[in-house]
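Student: The following block contains a protein sequence and its predicted model.
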Amino acid sequence: MIIVGNENECKEVYKYMEKKVKYVPSRFNALSHLDDDQGIVLFNSYNGAIVHFTEKEKAEVLASLKRAGTEELKNETQKDLYENGFLVSEQVDEKRRAQFLHQSLHRTDVMHLVLLPTEACNFRCTYCYETFPRGKMNADTINGLKALVKEKATNLSNLNISWFGGEPLLALDVIEELSNSFLSSAKDNHIHYSCDLVTNGYFLTKDVFQKLLTWEIKQFMITVDGIGEVHDSRRHLAGGGKTFEKIIDNLKAIKELPDPFDITIRVNFDENNLLETAKLIGFLKEHFAADKRFGVIFRPVGRWGGENDDELPVCSRIIANHKIWEFTDEAVTHGIGMSSLIDGSLMPSGSVCYAAKPHSLVVASDGQLYKCTVSFNEEVNKVGKIHEDGSLDLDYDKIASWVTSGEETDLVCQSCFYRPACQGNHCPFYRMQTGERPCPYEKRNIKKVLNLIWKNSLQ
Amino acid sequence: MRVLRPGTIPVNTANKIMKSVPGNLK
């Protein structure tokens, strides 16, 4: 027992006690208790670590993560917690760490281009927000992109291309021409080159798929909204024809290939197909559960600017938040893999939208440059133009409004456990339009997500 | 303890397309 006589002595004792505390829990931790005494899952959003402790280890972990901290690493559990970033030295300024991470997005050796090889689409989905004003990418823009990448390549370590549209597979020749040029630039300059492609799946035959793989396009997203008529009534051809069977036949043929790839099957749900989704999960289990190259993600339909917005039977926010993870749980329980996009979004900077990244641009088929892919008609989104020689005209004032509207100006985001993952910039357009904080679905239900990541890891 | 995913050096992750607008825009 320490007896102190006056205020100064009291301060001295307090300082002494303060100095002795060496390790405290990271402010970026999240913890989920698993059902049925299966233990706990810990996640740190600053380094992306995810670990599981058994029920037997749980008490020691919880004791080690008390806010008051611990003077030394007394046992193996505490050493493990420290080595994985869940305990940090009290001398670390974690908010400054997050600030530095955010600034690292400005590194100039990475480039991400979202390319629209065509803005035409053979589908007319009921909830689509695009207007398809332009067709295939013109020669000036193709030449400009080749020149841009060739010129930038000497200073790049990473080049990531997202093929988007429209339906990109309507312009396979454009993808081929650009890919061959990009691959050559990447090879000459030892750049890590990776691509993803968003397609409705209608033209994704086995032959087309194999071509895409040779162009280093390995990650795909294809949407299936239900079985048969449920899907066809929402995602039909421009002339009204069915699409479900052709997409599924394509996916089944792709499954027979031995190559590595990563396909996310996206399910968009609203009040119309909510009750049909359980049947779809059963169908996906039957055809794709055994193949871990396929994963599933569920997302609510939103009013994102399409011509049918006012008629869309969107789910309420509460139901949407709940159903995303209820469906995911059902899928994982049936042995269907969870999309890699979900744990990817829990990585540091993993939930920052491409629109908020300084070195990311959307290049439309006429050479117009944008930041965001859901607001092509907004003036703030028309940020420039690419010319045939690869030079760029850029409006830096508009770009600044996309890349500086996150954690910099939001005190709540600055104090959030998820800050390193999304940096307040999960969807800058949502923040602009609604004035609300664009918290990702994963963050809103992090305990459930960690539970599912653990469950998914058992497969 | 079982590591489901090891931690990484955060600045090395500066660099996919998943349109995930977290709600209605109007």
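Tutor: Nice, I can see it. Numbers count the residues shown, from 1 in each chain, chains lettered A, B, ... in the order given.

Student: Point out where chain B drops to low pLDDT.
Tutor: Where chain B drops to pLDDT under 70, the residues are B:12-19, B:26.

Student: now do chain A
Tutor: A:1-21.

Student: Where do the domain boundaries of it fall?
Tutor: Domain ranges of chain A: A:19-92, A:111-459, per automatic domain parsing.

Student: For chain A, give me its nearest residue in chain B.
Tutor: residue B:7 (3.3 Å; C-beta to the nearest C-beta). Every residue, glycine included, has its C-beta placed from N, CA and C.

Student: re earlier: would you format the domains of chain A as CSV with distance to residue A:98 and mean neighbour count included?
Tutor: Output for these, formatted as CSV (distance: least, C-beta to C-beta, whole Å; neighbours: other C-beta atoms under 10 Å in any protein chain shown):
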stretch, distance to residue A:98, mean neighbour count
domain A:19-92, 7, 17
domain A:111-459, 5, 19
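
Student: ok, the residue of chain B closest to chain A - contacts?
Tutor: Counting by C-beta atoms under 8 Å, 6 or more residues apart in numbering or on different chains, residue B:7 touches A:44, A:47, A:48, A:49, A:84, A:85.

Student: Check residue A:417 too.
Tutor: Contacts of residue A:417 by C-beta under 8 Å, 6+ apart are A:27, A:28, A:29, A:30, A:45, A:446.

Student: Among the residues you listed, name the ones in strands.
Tutor: Among the contacts of residue A:417, the members found in strands (DSSP state E) are A:29, A:30.

Student: follow-up on the earlier one: among the contacts of residue B:7, which ones lie close to chain B?
Tutor: Restricting the contacts of residue B:7 to those touching chain B (C-beta under 8 Å from any C-beta of the partner chain) yields A:44, A:47, A:48, A:49, A:84, A:85.

Student: Mind jotting down where the strands sit in the stretch 351-459 of chain A?
Tutor: Using DSSP state E, counting those that start in this stretch, the strands of the stretch 351-459 of chain A run over residues A:360-363, A:368-370, A:384-386, A:392-394.

Student: And the ones you listed: which comes nearest chain B?
Tutor: Shortest distance between chain B and the strands of the stretch 351-459 of chain A, using C-beta to the nearest C-beta, is found for strand A:360-363: 9.0 Å.

Student: I'd assumed residue A:52 was in a strand, is it?
Tutor: Yes - judged by DSSP: H, G, I helix; E, B strand; the rest coil, residue A:52 forms part of a strand.

Student: beta partners of it?
Tutor: Counting by DSSP bridges, residue A:52 is bridged to residue A:41, residue B:2.

Student: For the closest residue to residue A:294 other than its chain neighbours, list the residues it contacts.
Tutor: Closest residue to residue A:294 apart from its sequence neighbours, by C-beta to C-beta, 6 or more residues apart in numbering or on different chains: residue A:288 at 4.2 Å. For residue A:288, the contact set (C-beta under 8 Å, 6+ apart) comprises A:251, A:255, A:265, A:294, A:336.

Student: same check, this time on residue A:418
Tutor: A:28, A:30, A:45, A:351, A:439, A:440, A:443, A:446.

Student: Report the contact partners of residue A:358.
Tutor: Residue A:358 neighbours (C-beta under 8 Å, 6+ apart): A:105, A:106, A:399, A:403.

Student: Is stretch A:266-282 in proximity to chain B?
Tutor: No - judged by C-beta under 8 Å from any C-beta, stretch A:266-282 makes no contact with chain B; its nearest approach is 8.5 Å.
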